[in-house]
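# need the 3D shape of this:
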Amino acid sequence: MNNFLIKIKKLPQIISNFLKINPHKHWMVLLYIFLISILILISVSLYLLYEIKNEQIFQITIEQDNNQTLLKEDLLKKTTETYNAKAKRLIEMKKNFSSYNDPSL
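Residues are numbered from 1 along each chain as shown. Coordinates of the predicted model:
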């Protein structure tokens with residue numbers, strides 16, 4: 001217990017010693033931080049590359065219901081009937097070309 005209390009009492013002194021300007025010490029701390037971050041980034045990149053290579057990164061399961069239809073069949077029938085009727089009228093108009101007289105003459 002005494003050892004712990006001594007360490008706590010020396011804590012402000014340790015912090016003040018760390019905060020004193022010592023370029024070599026701070027450069028080493030920065031160097032370690034960057035090296036650790038680069039190693040982490042490389043390892044994550046290699047893991048993702050491995051997952052992509054094995055095609056396991058984005059596995060999606062597709063559930064299909066055969067009973068469910070996305071289109072309403074009665075509306076589809078009405079739409080196709082109207083287009084068929086328009087096509088028939090267009091064919092009739094091409095066959096029976098009627099000329100209109102200009103009313104201004």
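# distance of Glu51 from Ser37?
In this structure, Glu51 lies at 21 Å from Ser37, with C-beta to C-beta, to the nearest Å as the measure. Placement of C-beta: from N, CA and C, glycine included.
# what do you get for Lys53?
For Lys53, the distance to Ser37 under the criterion C-beta to C-beta works out to 25 Å.
# Ile21 now?
Counting by C-beta to C-beta, the gap between Ile21 and Ser37 amounts to 24 Å.
# neighbour count for these two, which is higher?
Each of Ile21 and Ser37 had its neighbours counted (other C-beta atoms under 10 Å), and the higher figure belongs to Ser37 (10 against 6).
# show me the residues around the more buried one that make contact.
With contacts defined as C-beta atoms under 8 Å, 6 or more residues apart in numbering, Ser37 has no neighbours.
# angles on the backbone of it, please.
phi -70, psi -40 (degrees, to the nearest 10).
# please apply the same query to Ile60.
Reported as degrees, to the nearest 10, the phi and psi values for Ile60 are phi -120, psi 130.
# looking at it now. What's its pLDDT?
Confidence per residue is given as pLDDT, and for Ile60 that number is 73.
# next one: Lys86
Looking at Lys86, its pLDDT reads 95.
# state the distance from it to Lys94.
Lys86 is 13 Å from Lys94, where distance means C-beta to C-beta.
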